[in-house]
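Participant: Turn this into a structure:
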Amino acid sequence: MVKSLLITFYFPPSIGGIEDYLRNVCAGLQDKIVVLAPKVKNSEEFDQKQNYKIYRYNFFYSLIARYPKLYKLFIFPILFLFVIHGWKIVRKENIDIIQCGSADLSLSVWCLSKLTQKP
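Facilitator: The predicted structure follows:
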């Protein structure tokens, strides 16, 4: 069984088109996928109802949501944090494939792919 890690900045319970699409993809894969996403309001309640594992971290998300102009200031620390947490998850969960759920994290996913030798 091939196991995937989905790294995304946009994931339910946040509302939006990308969030809905990724929720449906994960619901279809269930035990074959693990998600790395930011911690948002009501995320713990949402995560408990899912049939797949979701790892959540702060990633300055609440600060950036409140002050979008800070995104440019925090982008490199955020990308670095996604790589670090993703690397830990790849090792812990025996991940075979790393997937990117949002274009703004493509550099993090690429770096993680190179570091872990996973497609």
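
Participant: hey, let's count contacts and neighbours off CA atoms from now on
Facilitator: Fine.

Participant: For residue 12, give me its contacts.
Facilitator: 19, 20, 23, 43, 46 (C-alpha atoms under 8 Å, 6 or more residues apart in numbering).

Participant: what about 10 Å?
Facilitator: 18-23, 37-38, 40-43, 46-47 (C-alpha atoms under 10 Å, 6 or more residues apart in numbering).

Participant: likewise residue 66?
Facilitator: No residues are in contact with residue 66 under the rule C-alpha under 10 Å, 6+ apart.

Participant: so residue 54 sits in a helix?
Facilitator: No. Counting by DSSP: H, G, I helix; E, B strand; the rest coil, one finds residue 54 to be strand, located in no helix.

Participant: Next, give phi and psi for the closest residue to it other than its chain neighbours.
Facilitator: For residue 54, ignoring the flanking residues on the chain, the nearest one in space by C-alpha to C-alpha, 6 or more residues apart in numbering is residue 35 at 4.7 Å. Per-residue torsions, residue 35: phi -120, psi 140 (degrees, to the nearest 10).

Participant: next one: residue 102
Facilitator: Dihedral angles for residue 102 - degrees, to the nearest 10 - are phi -150, psi 140.

Participant: repeat for residue 14
Facilitator: Per degrees, to the nearest 10, the backbone of residue 14 is at phi -60, psi 150.

Participant: Can you give the distance of the helix or strand in which residue 22 is found from its chain's centre?
Facilitator: Assigned by DSSP states H and E, residue 22 belongs to helix 17-29. The chain centroid and the centroid of helix 17-29 are separated by 12 Å under C-alpha atoms, centre = their mean, to the nearest Å.

Participant: what packs against that helix?
Facilitator: The contact analysis (3 or more C-alpha pairs under 10 Å, 6 or more residues apart in numbering; DSSP states H and E) places helix 17-29 against strand 4-7, strand 33-38.

Participant: Show me what counts as buried in it.
Facilitator: Judged by neighbour count using 16 or more other C-alpha atoms under 10 Å, the buried positions of helix 17-29 are 18, 19, 22, 26.
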